Structure formats: structure tokens, C-alpha cells
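Engineer: From the sequence below, what's the structure:
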Amino acid sequence: MNTVSELIDVESGTWKIDIVRNNFISPVAEAILNIPLRRMGGDDSWAWSAEKAGIYTVKSAYRTLIIRNEHLALEEGLVIESSETNKQMWTKLWKLNVVPKVRVFWWHVLPGILPVKSTLKYRHIASLARCKVCLSTDEDMYHALIQCTHAKRFWVEAREWLGINLPELHGLTWSRDILCDSRFDVSDQAKIIAVMWAIWTSRNNITHDKVSMEPMQSLKLIRDALAVLELPTKHACILPGHGWRPPDGEVIKVNTDAGISMLEHRAEASDVREGVVVALLRGFARVQIETDCLDVVKPLKFTPDFALYDSAVTLRY
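Structural biologist: Prediction:
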């Protein structure tokens, strides 16, 4: 048998059932027999069933695979989330009112890819999964950020400095619950995730033989940072004697002070560049640079990377 046409009865426009079942194993034969045939004849053509237009794209193939995997997982009882639930979760994450590095940290937490000891051992990077900080049990993310004695010191201070008391969390879904559970409002979400970022940073310092972060000092810094992020533009103060004014509308302002040497000028210019990029990545359409040093801003106009953002940037000095 060389061609598909040998399996088809041309007169009736149907499959030759006996021939199909005699030449293919049962699952394949049944799949072939379930393929509809065109009774009116005509030329065949390629069509992608996952798109109404019949045109294959990588995006539609990816979406089809994701939906199929979700359905399989749901049938096996492994997950309860749909693609729509995941979309809502990621949207909440990127709208979270915290500094970018904290959002990126939680972006690693949600899929479970933080390099805790259990993950490193599973990937054959570490020989032991034991928590290096408390040495009491194996270290997964839940232990490192919530249960470890090191983490608990931070949560004690969080109650005093941020007014949050971490409730009982599910051992498997806790990272998603913090973003999606109705028990947590947007303010609590930002505080809890920021505290966990501080715990993780301090834990990394310990495991890499650096000085650990003091919980009280860390929480005070988090409180001040969150307060600044929550400050509406209309409540921003004009500093007396300095003439500083908050920007208007969708504009964000990047301020620097003057350097006292060429080396500091270069460092300050680098900070300005980084500030502009971060502001634009956070979704601000216009960025205003304000500095009291002309030597800092003049070279920026001629650097290739800065030129990419030139249309969105205003320089004031």
C-alpha cells in the first residue's frame, strides 16, 4: 500500500473500513476512520484547524499546546487554574506597587525557580537539600521565605513596622494565593512580597558568607519605599528654596545632583541613563531629567543607547 487513495472507496466517498483496520493498529485505525472525507471530490489543501482562517502560526500552535496541557492536567487533577486565571495572576504581578526588582523576584517565585537547596539538589547542582541557615530541614521556597527561623525574625518585625500578620498559607499554592486570594488587598500584597524579597536577599547574603540584613532596618526601608510609591503626585511637596516641582501628568522625573570630578560625572551620567531606561520600562511615556550639572547631560545626547529613547526624554538643567 503506497497511497492514501487505496484506503478510500471513490464511488461512495468513504473509508474502506476493513482495509484500514487490517493495515493499522487499533488506535491509529480508529483515528483514520474518524477523519471526514470530501464526498464531492476536488483538490485537497492544507489547513490549520486551530485557527478559523486555517492559517498556521507559531502563536496559535503555542496556544493550542498550552490549552491541551491544561486539559490533560485538569483531567488528572493536577491543577485547578486555567489560562485565564494565569493571565489575571501575571497582570496583578506586573501592576504590583513595588520596585521592579521585587516584581522580578516574585516572577521567579511563582513558577518555583528560585535556587533553593531542594531545587539545586533536584537539578544535581547541590549534593544536599538541607537549609544552610537553620540546618533543621530541607529547604524549599516555603521554608526559606516563611518557616525558617531566619524568615520568622522578619515576620515578627513586619507586624510592628508594616502592620501585617501573615495568615496560614497553603503549602502548595501560597505564592499564587498571595496575589489572587481575596484575603489580601493590593497594599498587603505589596508588603508581603517586599518582605519576602528582603528575606531572600538576607538569606543569600548568609549562604554566600556575607553579612546578613537586620530585619528591623530592612523593614524600615521597605516601609519608606512603599510609602514613596503610594504617594500621589498631587501630594508631592515643593522643596522650599530649591524650586523642585513634581512632574505633570504621565511624566516621571529623574533628578541628580552635581558631581565634583570627571569620574563622578561619568557615574552620575550612567545613573541617569539607567533611571531613564527603568522609567520607560515601567510604562511611563515621558521622562524628564533634571540636574544642576550641564556636564552630565550634554554627553548623554550623543551616546547611541540614549539616542534610542531621545524622543521620550526631556533634559532640564
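Engineer: Let me know the pLDDT of the closest residue to residue 251 other than its chain neighbours.
Structural biologist: Counting by CB to CB, 6 or more residues apart in numbering, residue 251 lies nearest to residue 286, which is 4.4 Å off, once chain neighbours are set aside. Bear in mind the C-beta positions are built from the backbone N, C-alpha and C, glycine included. Residue 286 carries a pLDDT value of 74.
Engineer: Quick check: residue 286 touching residue 253?
Structural biologist: No - in this structure, residue 286 is not within contact of residue 253 by CB atoms under 8 Å, at 9.8 Å.
Engineer: the more surrounded of these two?
Structural biologist: residue 253 (20 against 17; other CB atoms under 10 Å).
Engineer: residues contacting that one?
Structural biologist: 246-247, 287-290 (CB atoms under 8 Å, 6 or more residues apart in numbering).
Engineer: Please spell out which residues along whatever helix or strand it lives in are buried.
Structural biologist: Using DSSP states H and E, residue 253 sits within strand 251-256. For strand 251-256, a neighbour-count test (16 or more other CB atoms under 10 Å) marks 251-254, 256 as buried.
Engineer: so which of the residues you listed comes closest to residue 209?
Structural biologist: residue 256 (34.3 Å; CB to CB).
Engineer: Quick check: pLDDT value at that closest one.
Structural biologist: pLDDT, residue 256: 67.
Engineer: Repeat that for residue 308.
Structural biologist: The per-residue pLDDT of residue 308 was computed as 43.
Engineer: got the contact list for stretch 114-129?
Structural biologist: 108, 112-113, 130-132, 138-141, 143-144, 200.
Engineer: quick one: the strands in the protein?
Structural biologist: Residue ranges of the strands in the chain, as given by DSSP state E, are 8-9, 14-15, 251-256, 286-291, 313-316.
Engineer: of all those, which lies closest to residue 209?
Structural biologist: Here strand 251-256 is closest among the strands of the chain (CB to CB), at 34.3 Å.
Engineer: From residue 162, how far out is residue 153?
Structural biologist: 14 Å (CB to CB, to the nearest Å).
Engineer: in the longest helix along the chain, what's buried?
Structural biologist: For the chain, the longest helix by residue count, based on DSSP state H, is helix 186-207. Across helix 186-207, burial judged by 16+ other CB under 10 Å covers 188-200, 202-203, 207.
Engineer: So for these, which is the shakiest by pLDDT?
Structural biologist: residue 207 (83).
Engineer: Would you check that it makes contact with residue 133?
Structural biologist: Yes - Residue 207 is within contact range of residue 133, at 7.0 Å (criterion: CB under 8 Å).
Engineer: How is this protein partitioned into domains?
Structural biologist: Residue ranges for the domains of the chain, per automatic domain parsing: 83-229, 251-316.
Engineer: By mean pLDDT, point me to the weakest helix or strand of this structure.
Structural biologist: Ranked by mean pLDDT, DSSP states H and E, the weakest helix or strand in the chain is helix 304-307, scoring a mean of 47.
Engineer: send the alpha carbons of stretch 173-183 over as PDB?
Structural biologist: What follows is stretch 173-183, C-alpha atoms only, in PDB (Å, rounded to 0.1, in the frame of the first residue of the first chain):
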ATOM      1  CA  THR A 173      -0.500  27.300  46.300                       C
ATOM      2  CA  TRP A 174       0.800  30.000  48.700                       C
ATOM      3  CA  SER A 175       2.700  32.100  46.100                       C
ATOM      4  CA  ARG A 176      -0.400  32.400  43.800                       C
ATOM      5  CA  ASP A 177      -2.700  32.900  46.800                       C
ATOM      6  CA  ILE A 178      -0.900  36.000  47.900                       C
ATOM      7  CA  LEU A 179      -1.600  37.600  44.500                       C
ATOM      8  CA  CYS A 180      -5.100  36.200  43.800                       C
ATOM      9  CA  ASP A 181      -6.700  35.400  47.200                       C
ATOM     10  CA  SER A 182      -9.400  37.900  48.300                       C
ATOM     11  CA  ARG A 183      -7.900  37.800  51.800                       C
END
